[in-house]
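1. sequence first, then the predicted structure:
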Amino acid sequence: MPAPKHRSLVPGTAAIAAAFGHSYKPPRLRIHVEAIVHLTSRICRELSSRGVTRRGMAAILHNGTAKGAYRMTTDSLGISLKFVAPIVAIGLVLATRPVAARDPKDPIRLAWVEGDVAGLSTIRSPDGKTIIGSINYHQHRRGQTLHIVRVARFRDGSSDEDRVEARAGKILETVRGRSIIRNTAGVATVDITIDIAGGHITGFSGLGKDRKDYDEHVSLTPGTYFGPLVFMVIKNFDGNATDDRLVYRTVVATPKPRVLDMELLRQGRTVVSRVGEKIDGVDFLMRPTVNFIVDPIIQAIAPETKFVVEPGAPPALARFEGPRNYARQKIRIE
């Protein structure tokens, strides 16, 4: 099986790589990693369509159970029999992690009442030594409707602005939102509007000849969270997670708007040190997830994003460490 040329065989892999500031070229291996991922997916789909369960796939490797489906799969895909067993084995190994009980598209259940909030946070360099900006946050509640504005202003003159409207009752339902990124001259280089009910994303990214306009109809649900709503997901982690893992749907400007699933993993206790104080917190890792086959590739590419949460009633954000707008610039927020 010859290695393919430098192009993504798995839909979304190269696109997600680009979203996180990488030009992804698959490794030059004897059996191409991307080809293995693609072929594993096709084999598993074929076997599944013929009524073979995951347990049945495992049996194929050991005692030849369901040989008919096995042979039909290799014939329909036009591949050599000798490739199937190791590829299915790879898929089975990668498939061992537990599946979350909650669907990523479902709204999260709220354990804490959201009301009027305002505050100012400091943006620092990744090592925490230099102040490079600040965040102004305003949250206003009218009935069950939340209006949130979060503006991050940087000392170089650039800024990131997020506006969100959501309903907060027993569950958190996103209504609409808008993200604007401005350059050092204060000119908008990205302006994306998200209409959840209409399933509509509009806006643009880039300037001059590099400008790209977007008018996309996508499948979105009220359980889609982005911008300042992401911390609300983390704050309500306990009531929505399974086995210390929670997956939610999001839209990110990269600068092209992309609909992705993100997973939050609770990693354990930690201590945040600040001038004159130490805060006991809990580490959370956030990373994109597509499926059990592709995730190892995607997560190796994506920049590390961490939240440290101070337990309480309700929990509070002690620190954020990760990329600014899912781009290459890393920041720390305290």
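-> Arrived safely, thanks for sending.
2. next, the distance between the ends of stretch 118-134.
-> 13 Å (Cα to Cα, to the nearest Å).
3. for it, what is the average pLDDT?
-> Across stretch 118-134, pLDDT averages out at 95.
4. ok, and what's touching that stretch?
-> Contacts to stretch 118-134, defined as Cβ atoms under 8 Å, 6 or more residues apart in numbering, come from residues 135-139, 152-156, 321, 330-334. Every C-beta, even on glycine, is put in place using the N, C-alpha and C of the backbone.
5. which members of those are classed as buried?
-> Neighbour-count burial (16 or more other Cβ atoms under 10 Å) applied to those gives 135, 137, 139, 152-154, 321, 331-334.
6. for the residues you listed, give me JSON lines that also has distance to D213 and secondary structure.
-> Formatted as JSON lines, those follow (distance: Cβ to Cβ, whole Å; DSSP: H, G, I helix; E, B strand; the rest coil):
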{"residue": "I135", "distance to D213": "29", "secondary structure": "strand"}
{"residue": "Y137", "distance to D213": "30", "secondary structure": "strand"}
{"residue": "Q139", "distance to D213": "31", "secondary structure": "strand"}
{"residue": "A152", "distance to D213": "25", "secondary structure": "strand"}
{"residue": "R153", "distance to D213": "26", "secondary structure": "strand"}
{"residue": "F154", "distance to D213": "26", "secondary structure": "strand"}
{"residue": "E321", "distance to D213": "34", "secondary structure": "strand"}
{"residue": "I331", "distance to D213": "29", "secondary structure": "strand"}
{"residue": "R332", "distance to D213": "34", "secondary structure": "strand"}
{"residue": "I333", "distance to D213": "31", "secondary structure": "strand"}
{"residue": "E334", "distance to D213": "37", "secondary structure": "coil"}
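7. okay if I get these as a markdown table plus distance to S219?
-> Below are the buried ones among the contacts of stretch 118-134 laid out as a markdown table (distance: Cβ to Cβ, whole Å):
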| residue | distance to S219 |
| --- | --- |
| I135 | 31 |
| Y137 | 30 |
| Q139 | 28 |
| A152 | 29 |
| R153 | 34 |
| F154 | 34 |
| E321 | 32 |
| I331 | 32 |
| R332 | 35 |
| I333 | 31 |
| E334 | 37 |
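8. strands paired with the helix or strand hosting M286, and their directions?
-> Per DSSP states H and E: M286 is located in strand 277-289. Here strand 277-289 is paired, per DSSP bridges, with strand 257-274 (antiparallel), strand 305-310 (antiparallel).
9. comparing those strands, which yields the minimum mean pLDDT?
-> Looking at the strands paired with strand 277-289, the bottom one is strand 257-274 with a mean of 91.
10. a markdown table for the strands paired with strand 277-289, including mean neighbour count and distance to A111?
-> Output for the strands paired with strand 277-289, formatted as a markdown table (neighbours: other Cβ atoms under 10 Å; distance: least, Cβ to Cβ, whole Å):
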| stretch | mean neighbour count | distance to A111 |
| --- | --- | --- |
| strand 257-274 | 15 | 15 |
| strand 305-310 | 19 | 13 |
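11. closest one to F231 among these?
-> Across the strands paired with strand 277-289, F231 has its closest neighbour in strand 305-310 (7.4 Å, Cβ to Cβ).
12. with just CA atoms, put the closest one into CSV.
-> Extracted in CSV, the C-alpha atoms of strand 305-310 (Å, rounded to 0.1, in the frame of the first residue of the first chain):
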residue,chain,number,x,y,z
THR,A,305,-4.8,24.7,27.0
LYS,A,306,-5.1,24.5,30.8
PHE,A,307,-7.5,25.9,33.4
VAL,A,308,-6.8,26.0,37.1
VAL,A,309,-10.1,26.2,39.1
GLU,A,310,-10.4,27.1,42.7
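13. which non-adjacent residue is nearest Q329?
-> For Q329, ignoring the flanking residues on the chain, the nearest one in space by Cβ to Cβ, 6 or more residues apart in numbering is P323 at 6.6 Å.
14. quick check on that neighbour: phi, psi?
-> Per-residue torsions, P323: phi -80, psi 150 (degrees, to the nearest 10).
15. tell me, how many residues neighbour it?
-> Using other Cβ atoms under 10 Å, P323 has 16 other residues around it.
16. contact partners of the strand holding M286?
-> The contact list for strand 277-289, computed with Cβ under 8 Å, 6+ apart, reads 16, 230, 234, 237, 247, 260-272, 295, 298-299, 302, 304-311, 318-319, 322.
17. alright, that wraps it up for me.
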